[in-house]
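Asks: Output the structure for:
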Amino acid sequence: METRKNLSHSAELAERKSSHIELASLSQTSGDGIDSRFDYEPLFFSHPSSTEKWPTEFLSRTLDYPLWISSMTGGTEKAAFINKNLSTLAGKYKLGMGLGSCRPLLETDARLSEFTVRKFMGDQPLLANLGIAQVEECILSSKTSLIHEMVKKTEASGLMIHLNPLQEWLQPEGDRFTISPLETIKRFLDDVSYPVLVKEVGQGLGPKSLKALLSLPLHGIEFGAYGGTNFTKLESLRARDTQVKEPFIHVGHTAHEMVGVLNALPVGKKEFIISGGIKNVLDGYELKMKLKSPALIGMASPFLHPAMESFEALENYFLNLREALLTARGLLSVKEDK
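Replies: Below is the predicted model:
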C-alpha cells in the first residue's frame with residue numbers, strides 16, 4: 001500500500017504534468033527571442049545554496065556580493081524609513097550603499113537622523129552624497145570644511161559627488177555653474193583625506209570625461225548611465241516650456257558603451273559601480289563580467305519600491321536577486337564582443 005506521503009507526491013506530480021500539457025502551446029519560443037549575450041553552460045552548474053557568496057572587494061572592505069545600493073533619497077519625511085530598511089539590508093547581507101543627497105546637512109542637522117544609518121550597517125561601505133554645484137559653492141566661499149564635517153556626521157566611508165549639469169539646466173530652480181565640474185573636483189581633491197567617487201545621474205559619461213576623471217586621485221566612478229532613472233527627464237516633467245530643451249534628454253552614454261571605453265583606457269587602481277539601465281540581473285552580470293576592472297552592480301529603483309513597503313518585502317526581493325545573480329554566475333559565460 002502506498003504511504004500517505006507517496007500518494008501526496010504522486011498527486012503533485014500528476015498535477016504538474018497536467019499543467020505542462022495545458023501550458024505547452026503557450027510556452028513556444030523562437031530563435032528571434034534568444035539572449036545572444038551569453039553561452040549557456042548547464043554541465044558545470046549546481047544550484048546556489050542559501051549560504052553561497054560572491055566575495056568582492058570595494059573601498060577596502062569585502063562585500064559578500066558585488067551589489068551596491070545606489071544613492072536614492074534624503075530630506076523627505078519617508079527617507080528615514082526607507083534608509084533604515086536599505087541600510088539594514090546592507091548590514092545583514094554585507095552590501096555597500098550610497099546615501100541620497102546630503103545637501104540639507106550643510107545648513108542644519110534637523111534631518112540628520114534620516115542619514116545616520118551606520119548603526120544599521122556595521123562596517124560596510126557607506127558613501128555620503130553631494131551635488132557638484134554644492135561642492136563648487138563651498139569651494140568658492142572657502143567652506144569645504146562643511147563638506148568634511150558632513151561626511152564625519154554621517155559616519156560615511158567617503159563621498160560621492162554627483163554630476164548633473166543637464167538636470168540643473170532643466171530644473172526651474174536649478175543651480176548654475178561658474179567653473180567647470182572638472183576644475184571643481186580638482187580643487188576639492190586638494191583638500192580631502194577620505195575616498196571620493198564621482199557619478200552621473202542618468203546621462204552617463206563620455207570618453208573625454210572618463211579619461212579626465214581617471215587622471216585624478218579619485219577612488220572610483222559610478223556610471224549613472226543612460227537607460228535608467230534620468231533626472232534630466234525628471235526635471236523636464238516638472239518644468240514648463242521645455243520644448244527647446246527636450247532633445248537634450250536623449251543624449252548620453254549607456255553602461256555598455258562606458259564599459260567599452262574604460263576597457264580601452266588605463267584605469268590604474270580605480271573601482272567602479274556599474275549603474276544606469278540595469279533592468280535585471282543579466283544586464284548587471286554581463287557588464288560586470290565584461291569590465292576588466294573591479295566593479296559592483298549598482299541599482300536604485302529596484303531596491304526603492306520594496307524598501308518603501310517594508311523590510312520584509314525588501315529582503316524577499318534581495319534574496320531572489322541574490323539567487324538569480326549566483327545562478328547566472330554558475331550557468332552563463334559572457335560572449336566577447338565581435
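
Asks: Check the gap between L146 and P165 for me.
Replies: 22 Å (C-beta to C-beta, to the nearest Å). To be clear about C-beta, it is placed using only N, CA and C from the backbone, and glycine gets the same treatment.

Asks: Looking at the two, which one has more neighbours?
Replies: Ranked by neighbour count (other C-beta atoms under 10 Å), L146 and P165 place P165 first, with 19 against 15.

Asks: got a list of what the more buried one touches?
Replies: 132, 177, 181 (C-beta atoms under 8 Å, 6 or more residues apart in numbering).

Asks: Correct me if wrong: the last one contacts A133.
Replies: Going back to what we said before, that points to P181. No - assessed by C-beta atoms under 8 Å, P181 is found out of contact with A133, at 9.0 Å.

Asks: quick one: the residue nearest to N316 when sequence neighbours are not counted from F318, how far?
Replies: Leaving aside its sequence neighbours, N316 sits nearest to P306 (C-beta to C-beta, 6 or more residues apart in numbering; 7.3 Å). Separation of P306 from F318 (C-beta to C-beta): 8 Å.

Asks: The two: which has the busier surroundings?
Replies: Counted by other C-beta under 10 Å, P306 and F318 do not tie: F318 has more neighbours, with 22 against 19.

Asks: tell me what the helix or strand containing the more buried one is packed against?
Replies: Taking DSSP states H and E as the definition, F318 sits inside helix 311-331. Counting contacts by 3 or more C-beta pairs under 8 Å, 6 or more residues apart in numbering; DSSP states H and E, helix 311-331 is packed against strand 67-69, helix 79-93, helix 281-290, helix 301-309.

Asks: Buried deepest among these, which one?
Replies: The highest average neighbour count among the helices and strands packed on helix 311-331, using mean count of other C-beta atoms under 10 Å, belongs to strand 67-69 at a mean of 28.

Asks: Counting by contacts, list what that one packs against.
Replies: Partner elements for strand 67-69 (3+ C-beta pairs under 8 Å, 6+ apart): helix 79-93, strand 96-98, strand 295-299, helix 311-331.

Asks: The longest one: which residues count as buried?
Replies: Neighbour-count burial for helix 311-331, counted by 16 or more other C-beta atoms under 10 Å, picks out 311, 314-315, 317-318, 321-326, 328-329, 331.

Asks: now what about that helix, what contacts it?
Replies: 40-42, 44-48, 52, 54, 65-67, 84-86, 88-89, 92-93, 281-282, 284-285, 297, 302-303, 306-307.

Asks: And for the first one?
Replies: Helix 79-93 is touched from outside by 64-65, 69, 72-74, 95-97, 99-100, 111, 113-115, 117-118, 120-122, 124, 126, 303-304, 307-308, 310-311, 314-315, 318, 322, with contacts defined as C-beta under 8 Å, 6+ apart.

Asks: Compute the distance from the centre of it to the centre of its chain.
Replies: Distance, stretch centre to chain centre, for helix 79-93: 15 Å (C-alpha atoms, centre = their mean, to the nearest Å).

Asks: Spit out the contact partners of Y285.
Replies: 297, 325, 328-329, 332, 334.

Asks: Name the nearest of those residues relative to L205.
Replies: Nearest to L205 among the contacts of Y285: I297, at 17.5 Å, using C-beta to C-beta.
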